[in-house]
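Q: Sequence and predicted structure, then a few things I'm wondering about:
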Amino acid sequence: MGKIPKMVNMFGASFLLSLTNQMSRLSIDKLSEGIVFYAGTCAEIYVEIPDNRVSSFISKYEHDVNIIIERQVHDGFIFKVYGSGDKEVRLVCDIMSEDIDVIDLRILSVEDN
């Protein structure tokens with residue numbers, strides 16, 4: 001292995017210094033300017049299920065989507081269901097509607113976050 005010529009070595013050092021200076025001016029904020037990050041989809045659903053089956057209902061589906069109880073209404077519950085997209089949320093809601101514990105399920109709204 002021979003010596004690296006002085007000119008190449010100097011060029012490499014100045015290139016590294018230039019690269020380091022440019023990288024120090026970059027930041028996540030600067031790189032993400034003008035980029036809109038997609039945060040998924042949220043559906044508000046009404047589900048009529050027996051009061052004593054709510055926790056088992058949530059545990060069945062929480063590994064597929066993020067599901068949160070918003071409030072109890074006189075004959076059921078309002079849930080927020082969060083997923084990666086409209087299609088996923090609607091698919092999980094279709095599966096939930098076939099659940100043996102579900103008496104009624106209605107999608108009240110679906111919106112992108």
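A: In hand now; what should we look at? Residues are numbered from 1 along each chain as shown.

Q: Please make it C-alpha for all contacts and neighbour counts, starting now.
A: Fine.

Q: what sits opposite Thr41 in the beta ladder?
A: Beta-bridge partners for Thr41, by DSSP bridges, are Gly83, Asp112.

Q: pLDDT value on it, please?
A: As predicted, Thr41 sits at a pLDDT of 91.

Q: Quick one: distance of stretch 89-108 to the chain centre.
A: 21 Å (C-alpha atoms, centre = their mean, to the nearest Å).

Q: Dump the C-alpha coordinates for that stretch into CSV.
A: What follows is stretch 89-108, C-alpha atoms only, in CSV (Å, rounded to 0.1, in the frame of the first residue of the first chain):
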residue,chain,number,x,y,z
VAL,A,89,-60.9,1.4,10.2
ARG,A,90,-64.0,0.4,8.2
LEU,A,91,-62.7,-3.2,7.9
VAL,A,92,-62.2,-3.5,11.6
CYS,A,93,-65.7,-1.9,12.2
ASP,A,94,-67.2,-4.5,9.8
ILE,A,95,-65.5,-7.3,11.8
MET,A,96,-66.7,-5.8,15.1
SER,A,97,-70.3,-5.6,13.9
GLU,A,98,-70.2,-9.4,13.5
ASP,A,99,-69.0,-9.9,17.1
ILE,A,100,-71.3,-12.1,19.1
ASP,A,101,-71.5,-9.5,21.9
VAL,A,102,-72.5,-6.6,19.5
ILE,A,103,-76.2,-5.8,19.3
ASP,A,104,-75.7,-2.8,17.1
LEU,A,105,-72.8,-0.9,15.6
ARG,A,106,-72.9,2.3,13.5
ILE,A,107,-70.1,4.4,12.2
LEU,A,108,-71.0,8.0,13.1
